[in-house]
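Engineer: heads up, no residue letters with this:
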């Protein structure tokens, strides 16, 4: 196959600022169509990016030739229907995080993946930040010993152009599903998706009515390790704060910026980032999208194993739902084996 034909569904901010510019310049990719329920918007975006077709309904995509991948950039409530329809039509699917609003929806999509044998990747792009991949390489090689504590933080103002994110019927939840799921994914990834024994969460609504705008979560792993994640749209800060710190028996590491600390012969040795891992945070962010899409294409070519799979998404949603239950009931929740 000389190229993969892509249809982008949903032409909002993430599609226009990240996905479409990226896909248009990526070798081996041809964007064949865009789809949006506001067809005038779809036509405007198609003209802007030089895309042949603009349609209002997903069903119209199946009448077009050459579509191999459906890129789902819609609001979260539409993810299950679009993803399952694309899979049933024999298309591979890339879907922006979160995969779904609920665990049940995630399991429905997982069943469609199993039934059709198509690939589905969830866009957890922060795994593909150069500083994150560098830190993971040290963890994988055992340079930091056994990791026993991870602390992840993401505090940012709520984005005005995404007002739908505060509607639980559309988004599924608040800041925990928006920012927290990214932190939880990084934690699970650094721990090689070790089983979680129990969780505890505190959820707050300072500037929102229906969904939470501050979440503080703790994950207890069956091997005795622990992790905390804090995320907020409402803490009073002049700028974003994003970080991940992990601690092991032989050293510690962090991202944004990358730093590694090891204790050798009674002395602390600090290692700073080199190459792409030294890029400014904004460049790290944009690079991560390109890297994850390139990885997805290489998965479809059979060059690399699948990552950020639907099975991992189901595991994340099981943890997320337990955290919501913990916040509501104000107690620790034990996850079923």
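Structural biologist: Arrived safely, thanks for sending. None of these values were measured; they are calculated from a predicted model.

Engineer: can you give the contact residues for stretch 329-337?
Structural biologist: By C-beta atoms under 8 Å, 6 or more residues apart in numbering, the surrounding residues in contact with stretch 329-337 are 195, 196, 197, 198, 199, 200, 318, 319, 322, 323, 325, 326. The C-beta positions use only the backbone N, C-alpha and C, and glycine is treated the same way.

Engineer: phi first, then psi, for the spatially most central residue of the chain.
Structural biologist: The residue lying closest to the centre of the chain (C-alpha atoms, centre = their mean) is residue 124, at 2.5 Å. Residue 124 adopts backbone torsions of phi -100, psi 70, taken as degrees, to the nearest 10.

Engineer: all helices of the stretch 151-300 of the chain, in order?
Structural biologist: Along the stretch 151-300 of the chain, the segments classed as helices by DSSP state H, counting those that start in this stretch run 168-171, 175, 181-190, 281-300.

Engineer: buried deepest among those helices, which one?
Structural biologist: Of all these, helix 175 carries the top mean neighbour count, a mean of 27, counting by mean count of other C-beta atoms under 10 Å.

Engineer: on that earlier part again, reformat the contacts of stretch 329-337 as TSV; add neighbour count, distance to residue 31 and pLDDT.
Structural biologist: Below are the contacts of stretch 329-337 laid out as TSV (neighbours: other C-beta atoms under 10 Å; distance: C-beta to C-beta, whole Å; pLDDT from 0 to 100):
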residue	neighbour count	distance to residue 31	pLDDT
195	11	40	96
196	22	38	98
197	16	44	98
198	15	44	98
199	25	40	98
200	18	44	98
318	17	34	98
319	23	34	98
322	23	39	98
323	28	37	98
325	13	41	98
326	20	42	98
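
Engineer: residue 187 is in contact with the residue nearest to the centre of the chain, correct?
Structural biologist: No: using C-beta atoms under 8 Å, residue 124 makes no contact with residue 187, being 11.7 Å away.

Engineer: gap between the two ends of stretch 205-215?
Structural biologist: Terminal residues of stretch 205-215 are spaced 9 Å apart (C-alpha to C-alpha, to the nearest Å).

Engineer: for it, the averaged confidence score.
Structural biologist: Across stretch 205-215, pLDDT averages out at 94.

Engineer: separation between residue 66 and residue 90?
Structural biologist: Using C-beta to C-beta, to the nearest Å, one gets 13 Å for the distance from residue 66 to residue 90.

Engineer: hmm, I was thinking of residue 237
Structural biologist: Counting by C-beta to C-beta, the gap from residue 237 to residue 90 is 47 Å.

Engineer: which of the helices of the stretch 151-300 of the chain sits closest to residue 252?
Structural biologist: Nearest of the helices of the stretch 151-300 of the chain to residue 252, taken as C-beta to C-beta: helix 181-190 at 12.2 Å.

Engineer: so where is this structure shaky, pLDDT-wise?
Structural biologist: Scanning the chain for pLDDT under 70 picks out 1, 160-161, 337.
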